[in-house]
Every structure is written in structure tokens, then in C-alpha cells.
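Q: with the sequence up front, the predicted model follows.
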Amino acid sequence: MTLPKTGAAFATAFRSRGLAITHQRLAIYEAVAGSRAHPDVDAIYRTVRKSLPTVSRGTVYRTLETLCNVGLVADVSHVRGTARFEAALEPHHHMVCLTCRRIIDLHDPALDGLAPSKAAGGEAGGFEVTRYQIQFQGHCGDCRRKRPAGTQGKRRKR
């Protein structure tokens, strides 16, 4: 099997762990890696079915779990109980729209140096932080513009 450029990291990660490289696994990885929209499982499934119509939803779920376990994909949000994935693993944070559920990548150097204080149980408590992600929740500009007049800035009741 000839791997496209996005498949190089995929092949290295799978081979180093003795995992089989299959067309289905590669297609699922490429569906995530090719999207900046932080797709959910259903969106990934629909994308992969275009090229592999026999792929099952179960295969997509299992492969996403494997991709997360080998460090190629991250589960970035459980907005309203829906897992969303991305292959952009460089340190960054997210802004999540509570209306349309859009996830926007946030690159802010001011957030990158944060660490738990000793009082909060950081290093002094024996906890070593290896990665973290800050998630801001609110309403994107598009959704804010669509809101009826007089509701700007008001919080939605839960």
C-alpha cells in the first residue's frame, strides 16, 4: 500500500506498536486530518463512506479510539455529549460555540505557560502535567449576529 503524505505519521505510529495498517484505518485518519472543523463521528463516517461504502460505524468508532490511543488524534470536546476529533496535535486551545457547536482553534501564547499552582495540587502534589487544553464556551460571532435584538450578552438558562 502506498501511503500519501498524511499517512507517514500514521504508518510510523501503527508500525511502532505492531498494529495493522488498513485502508479503512488510513481513510478514517485522513478524514480527521483533512478537516479543521473538528468533526464528530457521524461526519467522519459520512466522509469515509464516500470512498469506502462498506465501512461500518463500529469500525469508525473503534478506529478513532485506536487513533486516540496511539496519539494521532485527540478527542477535543464533549459538547452536549458528542465527541469531536482533530489531528492538529500542536499545543492550542479551543473556543466552543454553545449555539452552533462550532469549535474554533485558539493559538494564544499567554495561555501556553499556565500550570496548576502548588496550592491546587500541582507538582507539589505529585501530579505531573503532560498536556492541557483550555476551552472557552460562549457564542460565535455568526450566532451572536443571528440572535434577536435585546438578547445580546444574556446567558442561556440551563
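A: Perfect, thanks for sending it.
Q: buried ones in the helix or strand containing residue 32, by neighbour count?
A: Element membership for residue 32 (DSSP states H and E) is helix 23-33. The neighbour-count check on helix 23-33 (16 or more other C-beta atoms under 10 Å) flags 24-33 as buried. Yep, even glycine has a C-beta here, placed from its N, CA and C like the rest.
Q: next: stretch 84-102.
A: 84-87, 92-97, 101-102.
Q: same question, stretch 56-65
A: 59-60, 63-64.
Q: same list (the residues you listed) but as CSV, adding pLDDT, secondary structure and distance to residue 37.
A: Listed next are the buried residues of stretch 56-65 as CSV, based on pLDDT from 0 to 100; DSSP: H, G, I helix; E, B strand; the rest coil; distance: C-beta to C-beta, whole Å:
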residue, pLDDT, secondary structure, distance to residue 37
59, 96, helix, 21
60, 96, helix, 16
63, 95, helix, 19
64, 94, helix, 15
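Q: quick one: these as a markdown table, columns for distance to residue 106 too.
A: Shown next, in a markdown table, are the buried residues of stretch 56-65 (distance: C-beta to C-beta, whole Å):
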| residue | distance to residue 106 |
| --- | --- |
| 59 | 32 |
| 60 | 27 |
| 63 | 28 |
| 64 | 23 |
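Q: if we can go back for a sec, redo the buried residues of stretch 84-102 as TSV? Include secondary structure and pLDDT.
A: Listed next are those as TSV, based on DSSP: H, G, I helix; E, B strand; the rest coil; pLDDT from 0 to 100:
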residue	secondary structure	pLDDT
84	strand	82
85	strand	84
86	strand	83
87	coil	83
92	coil	86
93	strand	88
94	strand	87
95	strand	90
96	strand	85
97	strand	86
101	coil	80
102	coil	86
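Q: good, wrapping up.
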